[in-house]
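Engineer: Quick one, structure for this:
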Amino acid sequence: MLYTVDDLSRKDVIDIKDGRRIGCVRDIEISETGQAASVTVEKAESRGNPFKKPELLRVAWSDIAVIGKETVLVRNAEEVASPAAKKSKLSDLF
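Structural biologist: I've put the predicted structure just below:
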């Protein structure tokens, strides 16, 4: 099934093992071949403080079990909960 960035944005991300809410989808990373490689997730605990940068996690596309109407279920949440690369300068993008 095909999904757009708009379809996935703001969906809740849930750990399939224990039902814990990890956060919400913020962005999708595309590989050089044009396929989805991973999803960037804004951690649930980092929302609420407007003066602090949100903490981001990267979930590999292969670790997504189900994409539902309102949620994304992921497996191996402990293994994929590594900080996403934070790009702060334009020169870091290239």
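
Engineer: how close does the spatially closest residue to Gly68 that is not a sequence neighbour sit to Gly19?
Structural biologist: Sequence neighbours aside, Lys11 is the residue nearest to Gly68 in space, at 7.9 Å (criterion: C-beta to C-beta, 6 or more residues apart in numbering). Every C-beta, even on glycine, is put in place using the N, C-alpha and C of the backbone. In this view, Lys11 and Gly19 are 16 Å apart by C-beta to C-beta, to the nearest Å.

Engineer: between the two, which one's more packed in?
Structural biologist: Higher neighbour count among Lys11 and Gly19: Lys11, with 18 against 8, using other C-beta atoms under 10 Å.

Engineer: residues touching the more buried one, list them.
Structural biologist: Applying C-beta atoms under 8 Å, 6 or more residues apart in numbering to Lys11 gives the contacts 24-25, 67-68, 70-72.

Engineer: Just the buried ones from those residues, in ChimeraX syntax?
Structural biologist: To isolate the buried ones among these in ChimeraX, judged by 16 or more other C-beta atoms under 10 Å, type:
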select :24,25,67,72
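
Engineer: Relative to Thr40, which of the contacts of Lys11 is nearest.
Structural biologist: Val25 (7.5 Å; C-beta to C-beta).

Engineer: Shouldn't that closest one be within a helix?
Structural biologist: No: counting by DSSP: H, G, I helix; E, B strand; the rest coil, Val25 falls outside a helix, being strand.
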